[in-house]
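S.K.: Sequence and predicted model, in that order:
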Amino acid sequence: MASSSGSPRVDAESDFMRARRHQVLSSLAARLRNDHEDVVQSMSFDDVLAALGRRAENYVGTKVIALDAIVGSVDKVRDFDRRFRPTSARSRERWERLARAARTGEVIPPIEVFQIGEYYFVKDGHHRVSVARSMGEKLIEARITAIDTFLLPVDIAARSDLERKFWRRLMLERVPFTGEARAAIAVDTPEQYGEIAEAVEAWAARTMHAEGAYMNPETMASRWYAEEFAPVIAMIDEAGVRGEKERPVEAFLRVACERYRLIREHEWNVEVLAAVKDKGKKR
């Protein structure tokens, strides 16, 4: 609990000024460190859902949750930073009124949050969260609605993480990899997920034309991984044309692009990889 001067009104004013001062200093420090804005800004619930994809939701009930687990907002992203300190004095009166109520022992109703994995996003009660954090509280009572997402809600701390998740989700919706294939087909550059989807769909189109039979997306994904990707990666590794820190799928995309540029063919064989390797040496 924060220290008290004996006057709830004065203490509430001091609480707000302290929270604003810490927010300003934190923002200044982030600029000096050249941190991205989204590292200190409250996370957007809509942006996270757009990246991960919404499957379903269900009301969990009222529970006590850790304030540190609340990382974002549904509709007040710019009003509070990642630690829910106010970013302006626009709502100072409301903030101080809640601070006085908390200091005098009034009953504070639960906040309302959406839960995505281990993260919570405030739907109603932003000022209550801000006041509780300012006063040193660790827990808060919340009504929770859990969201089930298409992708696992992990590694989503920064906007760049969300962009990568967004492109990965689009790729998996077009090419539904599962199991080992789903884990293996991962890249660091978001745009490469689009290249992967196009490569798989192009391979499937050629294969269906050759076989004269339709291939559904699930079959397309599993067959491409087993018949195209896995054997080619084995050939790439044997030929020694994969970079030391290059992911298998990144090597596949690079070599496939170089192969087509050199010979305008979609075949894979030792001669093709030798040509790619030789071209790399000349460069």
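M.R.: Received the coordinates, thanks.

S.K.: residues making contact with the helix or strand that contains Ile140?
M.R.: Here Ile140, judged by DSSP states H and E, is contained in strand 139-149. Residues outside strand 139-149 that contact it (C-beta atoms under 8 Å, 6 or more residues apart in numbering) are 49, 52-67, 70, 110-117, 120, 123, 125, 128-129, 132. Any C-beta I mention is one placed from the backbone N, CA and C, and that applies to glycine too.

S.K.: and the longest strand seen in the chain, which strands flank it?
M.R.: If you go by DSSP state E, the chain has its longest strand at strand 54-66. Partners of strand 54-66 in the sheet, by DSSP bridges, are strand 139-149 (antiparallel).

S.K.: so which strand or helix has Arg206?
M.R.: Per DSSP H and E: helix 192-211 holds Arg206.

S.K.: secondary structure class for Val129?
M.R.: helix (DSSP: H, G, I helix; E, B strand; the rest coil).

S.K.: Glu238: neighbouring residues, count only.
M.R.: The number of residues packed near Glu238 is 11, by other C-beta atoms under 10 Å.

S.K.: That one: which element?
M.R.: helix 230-239.

S.K.: In terms of secondary structure, what does that helix contact?
M.R.: With contacts taken as 3 or more C-beta pairs under 8 Å, 6 or more residues apart in numbering; DSSP states H and E, helix 230-239 sits against helix 248-263, helix 270-282.

S.K.: Which of those has the lowest mean pLDDT?
M.R.: Within the helices and strands packed on helix 230-239, confidence is poorest for helix 270-282, with a mean of 56 (mean pLDDT).

S.K.: And the helix holding Arg206, what does it pack against?
M.R.: So helix 192-211, by 3+ C-beta pairs under 8 Å, 6+ apart, packs with helix 159-174, helix 217-223, helix 248-263.

S.K.: 6 Å - rerun?
M.R.: helix 159-174 (3 or more C-beta pairs under 6 Å, 6 or more residues apart in numbering; DSSP states H and E).

S.K.: between the helix it packs on and strand 139-149, how big is the angle?
M.R.: Angle between the axes of helix 159-174 and strand 139-149 is 30 degrees (criterion: axes from the mean of the first three to the mean of the last three C-alpha atoms, to 10 degrees).

S.K.: I'd like the next helix or strand past helix 159-174.
M.R.: helix 179-184.

S.K.: what is the mean pLDDT for that following helix?
M.R.: 94.

S.K.: What are the buried residues along that helix?
M.R.: Ala181 (16 or more other C-beta atoms under 10 Å).

S.K.: contacts for that helix?
M.R.: By C-beta atoms under 6 Å, 6 or more residues apart in numbering, the residues outside helix 179-184 that reach it are Tyr225.

S.K.: Extract the C-alpha trace of that helix and format it as PDB.
M.R.: In PDB, the C-alpha atoms belonging to helix 179-184 read as follows (Å, rounded to 0.1, in the frame of the first residue of the first chain):
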ATOM      1  CA  GLY A 179       2.600 -31.900 -36.400                       C
ATOM      2  CA  GLU A 180       6.300 -32.000 -37.500                       C
ATOM      3  CA  ALA A 181       5.700 -30.000 -40.600                       C
ATOM      4  CA  ARG A 182       3.900 -27.200 -38.700                       C
ATOM      5  CA  ALA A 183       6.900 -26.900 -36.400                       C
ATOM      6  CA  ALA A 184       9.500 -27.000 -39.200                       C
END
